[in-house]
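> Fold the following and give me the result.
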Amino acid sequence: MAELKVIDLEQKALALLQADAEKIYKLIDVQMENLTMPQCPLYEEVLDTQMFGLSREVEYAVRLGLIEEEVGREIIGSLERKLAVLHEMYNNK
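Numbering: from 1, shown residues only. Model prediction:
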């Protein structure tokens, strides 16, 4: 029974981290579409702040043993790749 709860916590932690990464992507997408250009200091500040926050969440989940370090790196790396594509798309408009 205790092992089932640990697995549930691990799955919940992973789902929450992935949801937070998706929220960051959507936030940056909306910001780029409606508010500012990628060269704007506000854009960079929001992106840096959000990515730092996500990296701290991932680090905390790793330290708790809820996710593997490699999984955490993949969440952040995946988001960075998606944001790079988004950035490129808006720069080519």
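
> following the helix or strand harbouring Ala21, which helix or strand comes up?
Element membership for Ala21 (DSSP states H and E) is helix 2-30. Next helix or strand after helix 2-30 toward the C-terminus (DSSP H and E): helix 41-64.

> quick check: angle from the helix holding Ala21 to helix 41-64?
170 degrees (axes from the mean of the first three to the mean of the last three C-alpha atoms, to 10 degrees).

> Now the residue nearest the centre of the chain: closest residue in space, sequence neighbours ignored.
Centroid-nearest residue in the chain, with C-alpha atoms, centre = their mean: Ala21, separated by 2.7 Å. Distances taken as C-beta to C-beta, 6 or more residues apart in numbering put Leu79 closest to Ala21, at 4.5 Å, once the chain neighbours are dropped. For the C-beta atoms, the positions are set from N, CA and C on the backbone; glycine is no exception.

> before we move on, what about Leu83?
Ile28 (6.0 Å).

> Do you know the pLDDT at Val6?
For Val6, the model assigns a pLDDT of 67.

> circling back to that earlier point, ok, the residue nearest to the centre of the chain to Gln50 distance?
9 Å (C-beta to C-beta, to the nearest Å).

> Next: Asn91.
Note on Asn91: its distance to Gln50, by C-beta to C-beta, is 20 Å.

> quick one: which of the two has more around it?
Comparing Asn91 with Gln50 by other C-beta atoms under 10 Å, the one with more neighbours is Gln50, at 19 against 11.

> for the nearest residue to the more buried one once chain neighbours are set aside, what are its contacts?
Counting by C-beta to C-beta, 6+ apart, Gln50 lies nearest to Ile24, which is 4.6 Å off, once chain neighbours are set aside. Neighbouring residues of Ile24 by C-beta atoms under 8 Å, 6 or more residues apart in numbering: Gln50, Met51, Leu54, Leu79, Leu83.

> would CSV of those residues with distance to Val71 and pLDDT be doable?
Below are the contacts of Ile24 laid out as CSV (distance: C-beta to C-beta, whole Å; pLDDT from 0 to 100):
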residue, distance to Val71, pLDDT
Gln50, 19, 95
Met51, 17, 96
Leu54, 13, 98
Leu79, 13, 97
Leu83, 19, 92
